[in-house]
Structure formats: structure tokens, C-alpha cells
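Student: give me coordinates for this.
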Amino acid sequence: MRSLFAALPLLVVAAAPAFAQDARPAQTASSPDGAITLSVSTDNDQRPTWSLSRKGKLLIAPSKLGFILADRIGLQRGFAIESVERASGDTRWEQPWGERRFVRDRHNELLVRFRQDKSWGGHAMNVRFRLFDDGIGFRYELPEQAGLPTAKIVDEITEFDIAPKGAAWWITGGEWNRYEQIYQKTPIDAVATAHTPITMRLDDGTHMSFHEAALVDYAGMWFKRGEGQKFRATLSPSSKGPRVIRDLPFATPWRAIRIADNAAGLVESDLELNLNEPNKLGDVSWFKPMKYIGIWWGMIRGDWSWAEGPKHGATTARTKQYIDFAAKHGFGGVLVEGWNKGWNGNWFGHGDEFSFTQATPDFDLKAVTEYARKKGVQLIGHHETGGNIAVYEAQLDDAMKLYGQLGVGTVKTGYVADAGGIIASGGTPGTTAMEWHDGQRQVQHHLKVVETAAKYHVAVNPHEPIKDTGLRRTYPNWVAREGARGMEYNAWGAFANGPDHEPTLVYTRMLSGPMDFTPGVLSLEGANKAPLASTLAKQLGLYLAIYSPIQMAADFVENLEKYPRELEFIKQVPADWSESKLIAGEVGDYAIFARKDRASADWYVGGVNDAAERTLTLNFDFLEPGKTYTAMIWKDGEGATYLTDARHRIAYDTVKVKKGDTYKLWLAPGGGAAMRLAPNR
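Tutor: Numbering: from 1, shown residues only. Model (predicted):
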């Protein structure tokens, strides 16, 4: 069980002596730069508490720690601090793919060992805090101990009493549509129960994001407000009653808070990644970041069907057509949904009939993968479960083995069912139980899928997933996921995702990790010509704003070909970066990134805007000194707006720039921009 408590390399370690059981000493620690200060103590009821300040201002007022248990007195009262340990670390590690190649992990650590009085059970509960310059993470570590072989956790008593006033951007936790909601902006004291990440901007301009890291064999955390601005971690439900059941010893996920002076500091933080364990898979060079197209948008719009019949989308002939297009234009993969048996009945929330190895009569899986291989293209597989993980897990190894044998290097999984509608194997053979998408059982399931896929060199991109908590560091074949309202909603109604949706995702959902948003609908039309809340330039800006190591060009190939200059940008823009910076942006309003290609000296700049037109002055201070770059620019044309047919107006520019230069950029309502900056030889 050593790995459960393994810390990153430590430079300094010191233990403090035990304290008397009736003492309540406050233990403090600071971030390496000294700006963030933590205090840990017990209150008058002998309940563990913590508080947090930054630059001398209180951010988190004293807040309780502990657990409610199902079968005994909880880990809440009767505690004293038994001992503490201090440590620090400063290392740099390399990502095999990502927003940046190298990540620095510099932190100070405080491990506090609490012990209950015998009259309350005499249990031990350790809490490990890690303080970074850009935030804090803490987790519970329950050591092996007599009288508590198994923790049956009804809920946590992990509080966050936010002291300053401010605004919050959030979606509701526990709703039927999981994470696929439009973000709302409210005062902090108007939040109800939210999914994480939840982002806040305090009245003094400080930015904060509350999330979790390393969610393994535990229930997902929702962020529940009580009185005023006091929040508590509450766990996703389980069919078993207790929301988490774990044998001791074990460690919980980290509760994480990013803290920054501005929006850029929030976005550029690697806090959750640093709270995860290093890569467990070893060499993962078999996964290559790429862009892809797919037999998908036609089904989402209703032009084609997943089910067999005259409208069936996933035919051998159509797949070969898409493979030809991908090979011609340099796309790495072709997604094929609806290739397998099981789609003909009521599969939503059922999934009983799915086969993950048998194809429909009009789709030749072996022939298609061979054809793709000859063309230098990968098939991207698809495993929709309809929420039935009992059926999927019974076939999981065979399905991933088949993909491995055929060279299908990535699989998009799906769990289309209402929240609480996951069908899992029950406690006895032949029975099932209903679980939540972010409950402990589904957390276990997702990791099983990722580990099984890794065995066969397959990368995983789940839709209707469990939220990202930085586990891509530990399992780098977990390359992306959905976990928010993606492009598909634009197929179902006019302006279904409003113009501020993507500029909000950048500062909320995207703080958790890569998203398979599926940009690149250049026609700007959903079903029945429903307009997107986007200009043409914004569709290109999405490739810079919404990061993923697998980026789709989602439109029909016929539509992509109608926009050759825009298609040229999509072909050029990388899906893997050595550096990423937010050079202009505010939460929910706009976001402009500068990202450096990992495979060349090129920089790419671009992003997205909300409904308000604005003019920005972009600074090129990120460029290498002494070099001149040619900037090829795609931007909103004069008079462009998402509200009318003018959404297709686009302008082009080519200018020479160097470090320190500026560029004035006009962003249309619902607009965006994209640039490629290539150094001159």
C-alpha cells in the first residue's frame, strides 16, 4: 500500500513531537513564495479545522474537516493534533503530450496527524496539505488501525468557508444531464450545489477555482453551499448506501484550489496535474496527438442514423470516402460511430444488445482498417454503452484486444444515460444496480477501461464521462473526454450554445483537462439550417481555445472542402504544444491564447469571443528575441456577427512581427481569430 502515500521527491522532512490530547495548537505552513498561508487546528468542540490566507487577506475562514460514517461514530469530534511532518519539493517533469512540455512542481507540505479521544473511538485521521504558489491541495489519509478495517463513508465534512465576496461561474451538480449544462454566473452566496471545477472572481480581483485531483476508487465531489458562503464537499450517491466504501489504509482524492491574481494565472496553473502520481504506463509513444474527421455530425443532425437501415451512417463505402479525405488532407484519424451491432432497439439508458466486436452487415471492420492503414490513417473506434457497464465490462478485454490487433489506436467511449442511470453488475451474480456517472462504481469502471485499453496500446476518449482530475498524468492514454456541452448541441437548435459558452468553458471546464469539443463546423449550420452562435473565424479560434490532443474537424467533408482557406488552417494547427499562454482574456468574456508547436518553432495565436464586440491590442512578447515571424491571420470580417448571415464574413491578413510588437484585433459578436506565426529563415 506504499504508493497510496507516496509523495513527490522531498527536499526537507521534519517531524514534530506529539501533543497532549487536550491541546489545540495551530500548525501553519506557507507556499514557497510566502503569499499563501495555511493554519490547521481544532476548535472548541475538538473538531479539526483549517483556514487559508493570501497576501495577508483571509480567503477561507476556519472550516471543518472529517467524515460521516455509516456504521460508527464519525470522524468529526474529539480530535487533537498528535504530530506533524513538514517537507518541500521542487522538481520538473515532462509530459508526453499536453499544453506544455515541461511542468514545474514546487511546493511545501504539511502532514497533520489527528487522533480521536478514546471516548470518541480513538481513531487516527491524517490530512496532507500541499501548498503551491498558485494554490493548495489537501487529502485525507486513513492509516491501518484497529477497530476500523473499512470506512463506510456517508459523506465528507470538508468545508470551504469563503470569506470575501465575489462572483461564481458554475453548473448544478446532480442534475439529469450530468455536466452538459450552460454555465451560470451568480454571486458566490447564490450558488446551490455545483459540479467542479467551479470558478470564482473575488471583489478584489483574485481568481479561484475549486476542484479535485487524482479521483481514484472514490466518489466524485460536488460543491454544496450551506449558509452564506460556506461550502461543503458532498459525494455522488451509490446504490450501496454509503457513498464510498474503502478498506484501510487509503487516501482520498485531493481537494484542490487554484488561486491567482488574474484569469491567466488561473488558466496556466498545473495544480491538479502536480497532485497526481507520475506516469504508470511507461513508454506511451504509441499514442500520437492528431486531428481527425468522422462519421458523426450527420448522425447528430439526423441526416444519418446509428441504427441499421437506409440512413445508416457507418457503411464501408462512406468510411472509405472519409479515409480518402483524411489521407488527402493530412488528418490522422476517422471516427466511425454506429459500426457495431446493438443500435436498432432502444439503446439509450439500456445498452443490453451492444456488441463491441461484431459489425453490422454493411460495415467490414477488417477491410476498413486495412484500407486506412494503407492510406496512413487510423480508424478511431467507438464503444457506446447506453450506460450499461455490466454488458460492456463483460466484453471489455475482447473489444480492446480486437482494436489493438487491427491498429485502432483510439476509442471514443460513451455512457448515454440520465444521471443515476448507469447499469452496473449487482452484489450477486445475475443482478444489476443503478449507479451515478460520477459515483465510486463508475470511477472504478473508467480506470478499468483505461488500464485495459493501455494493455493493447489504445487511447481512450470517454463521452458522458467522469470529470477529469489530472489522471492523464498517471495514465497518459486517457487523452481527452467530453464532460460539458459540446458542439453537438448546436445541431439541435438555433444558438443552442450561446456566444459566451466557449469563453466560459475556458475558465471552468477546461481547468480540469482536455475536452473533445469537436470544433470545425465551417458551415455554421445544425439541423434544419439552425445557426451556430459563431462566426467562421471563431470556429478556427476554437482550436486554440479548447485544448485536446485529438482535435476534430466535425463538419461534413463536403462542407470542409467549401472553405479551402479555413481548411488550410485546420490542417496546419497542431494538437500538441511545448508552451501555452493566455495572452488576453476575462472569465466568460473572451480568451486569446498563444501556443508554441512542439514539433517546430511556429507559434499559433487565437481564441474566442462572447456576444460583445471588442478590439484588443495583442502583444507578441512571447516570441523569441531577435527573430522575425510571418503572421498569417484569419479574423472576423467587417460587420461580422453571429446574429445574421454575416457570421460567414472573414478577413485575412499577413504581417511581419517580432518580440515586442503589437497587433490590433477586432472580435465580432460571437467571433474569434486564429494566427500562424512562422519564423523567417
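
Student: only C-alpha atoms from now on, for both contacts and neighbour counts.
Tutor: Noted.

Student: tell me the helices in this structure, going along the chain?
Tutor: Secondary structure of the chain, counting by DSSP state H: helices at 263-267, 271-274, 297-301, 316-329, 365-374, 389-406, 440-455, 501-505, 536-545, 557-561, 564-572.

Student: I'd say residue 508 and residue 200 touch.
Tutor: No - using Cα atoms under 8 Å, residue 508 is not in contact with residue 200; the gap is 9.4 Å.

Student: what about residue 436, distance to residue 416?
Tutor: In this structure, residue 436 and residue 416 are 12 Å apart, going by Cα to Cα, to the nearest Å.

Student: looking at the two, which has the bigger crowd around it?
Tutor: residue 436 (27 against 23; other Cα atoms under 10 Å).

Student: check contacts around the residue nearest to the more buried one when sequence neighbours are not counted.
Tutor: Closest residue to residue 436 apart from its sequence neighbours, by Cα to Cα, 6 or more residues apart in numbering: residue 420 at 4.0 Å. Going by Cα atoms under 8 Å, 6 or more residues apart in numbering, residue 420 touches 176, 434-437.

Student: tell me the two of those that are most distant?
Tutor: Across the contacts of residue 420, the longest distance by Cα to Cα is 13.8 Å; it joins 176 and 434.

Student: the two: who's more crowded?
Tutor: The neighbour count for residue 176 versus residue 434, taken as other Cα under 10 Å, is higher for residue 434 (19 against 13).

Student: what bridges to the more buried one?
Tutor: Note on residue 434: beta-bridge partners by DSSP bridges are residue 423.

Student: next: residue 256.
Tutor: Residues in beta-bridge contact with residue 256 (DSSP bridges): residue 137, residue 211.

Student: residue 126 now?
Tutor: With DSSP bridges as the rule, residue 126 is bridged to residue 113, residue 141.

Student: output the lowest mean pLDDT helix or strand found in this protein.
Tutor: The weakest-scoring helix or strand in the chain, judged by mean pLDDT, DSSP states H and E, is strand 12-15 (a mean of 43).

Student: hmm, residue 671 is touching residue 542, no?
Tutor: No - counting by Cα under 8 Å, residue 671 sits too far from residue 542 to count as a contact (10.3 Å).

Student: counting neighbours, go ahead and name the busier of the two.
Tutor: residue 671 (34 against 25).

Student: run the chain-centre distance for stretch 216-229.
Tutor: Offset of stretch 216-229 from its chain centre (Cα atoms, centre = their mean, to the nearest Å): 17 Å.

Student: would you mark the buried spots in that stretch?
Tutor: Neighbour counts using 16 or more other Cα atoms under 10 Å place 216-225, 229 of stretch 216-229 among the buried residues.

Student: in CSV, list the residues you listed along with pLDDT.
Tutor: Output for these, formatted as CSV (pLDDT from 0 to 100):
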residue, pLDDT
216, 98
217, 98
218, 99
219, 98
220, 98
221, 98
222, 98
223, 98
224, 98
225, 98
229, 98
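
Student: need the max-distance pair from those residues.
Tutor: 217 and 229 (29.4 Å).

Student: now residue 221. Nearest residue, chain neighbours left out?
Tutor: residue 235 (4.8 Å).

Student: so who does that neighbour touch?
Tutor: 155-156, 219-222, 243, 439.

Student: ok, now with 7 Å
Tutor: By Cα atoms under 7 Å, 6 or more residues apart in numbering, the contact set of residue 235 is 155, 219-222, 243.

Student: do the same with residue 576
Tutor: Per Cα under 7 Å, 6+ apart, neighbours of residue 576: 97-99, 289, 549, 597-598.

Student: in stretch 148-162, which residues are buried?
Tutor: So, applying 16+ other Cα under 10 Å, buried residues of stretch 148-162: 148, 150-162.

Student: tell me the average confidence for it?
Tutor: Average pLDDT, stretch 148-162: 98.
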